[in-house]
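Participant: Okay, sequence plus prediction incoming.
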Amino acid sequence: MLLPCRARRGPHSPMPLVLALLASYLLGSIPFGLVLVRLAKGIDLRSVGSGNIGATNAMRAAGKPVGLAVFVLDFAKGWVAVFAFAGLLAQSEPLSWTATACGAASVLGHCFPLWLRFAGGKGVATGCGVLVALDPWIWAVGGAVWLATLAGGRMVSLASIAMGLAFPVAAWLLTARAEPTAAAALLALLILVRHRSNMARIVAGTESKIGAKRAAAPGAGGG
């Protein structure tokens, strides 16, 4: 279910697209985890737990309600980038490449926010928002993989990595379209890059697991 739109005729200018990409990046760069944890606990999320500004670390630092709120807001950044910003540029049919570009810009903003010296989250929640906007079935397949991996391995990071790898496969099998497959592949690449330290600990057998009594290792989890 790619983004629907109606064709609009008129002169084509790159400026609206540039502005939409910039707006998507700026939206994605809003550090909701950092803001909400500071409001709830008065602490800098980057100084506790894994140091990550995503939902997983926010949940560890400030509790489940705050962590859930962070996930929803980070998720919304990707969804809004596709439907609100890309939707305003309905200049051609179809709009899917523009939607994909705006969604990717929001994920890059989350991972590399200018305000935090390009040290942001891991892109999982925001990327999921993008994929739901492009085609919710892709996200549904990835979510099923996430749940199965989490149930088997009890590691949020491993579940996030498995979900990321499942996204481009699901996108191609379900749509056979280049646009959502490209978006899913970019998200998978970002998830792998942002989880490098987690993968090293998984191989070493030292990655934090759900229910473990010991404190989370630095960098654990997604976001």
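Facilitator: In hand now; what should we look at?
Participant: Chain neighbours aside, what residue packs nearest to Leu73?
Facilitator: Excluding its sequence neighbours, the residue lying closest to Leu73 (C-beta to C-beta, 6 or more residues apart in numbering) is Phe32, at 4.1 Å. The way it works is simple: take the backbone N, C-alpha and C, and place the C-beta from them, glycine included.
Participant: where along this structure do the helices fall?
Facilitator: Listed in chain order, the helices found in the chain under DSSP state H are 14-28, 32-41, 55-62, 64-80, 96-111, 124-134, 136-153, 156-175, 178-194, 196-204.
Participant: Please dump these into CSV; it should also carry mean pLDDT and distance to Val48 for every row.
Facilitator: Shown next, in CSV, are those (pLDDT from 0 to 100; distance: least, C-beta to C-beta, whole Å):
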stretch, mean pLDDT, distance to Val48
helix 14-28, 88, 23
helix 32-41, 94, 8
helix 55-62, 90, 5
helix 64-80, 95, 12
helix 96-111, 89, 19
helix 124-134, 91, 19
helix 136-153, 93, 23
helix 156-175, 93, 16
helix 178-194, 90, 19
helix 196-204, 90, 17
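Participant: Quick one: these as a markdown table, columns for mean neighbour count and distance to Ile210 too.
Facilitator: What follows is these, written out as a markdown table (neighbours: other C-beta atoms under 10 Å; distance: least, C-beta to C-beta, whole Å):
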| stretch | mean neighbour count | distance to Ile210 |
| --- | --- | --- |
| helix 14-28 | 18 | 27 |
| helix 32-41 | 20 | 19 |
| helix 55-62 | 26 | 10 |
| helix 64-80 | 20 | 13 |
| helix 96-111 | 26 | 23 |
| helix 124-134 | 29 | 16 |
| helix 136-153 | 18 | 7 |
| helix 156-175 | 22 | 7 |
| helix 178-194 | 21 | 19 |
| helix 196-204 | 14 | 14 |
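Participant: Having no further points to raise, I will conclude here.
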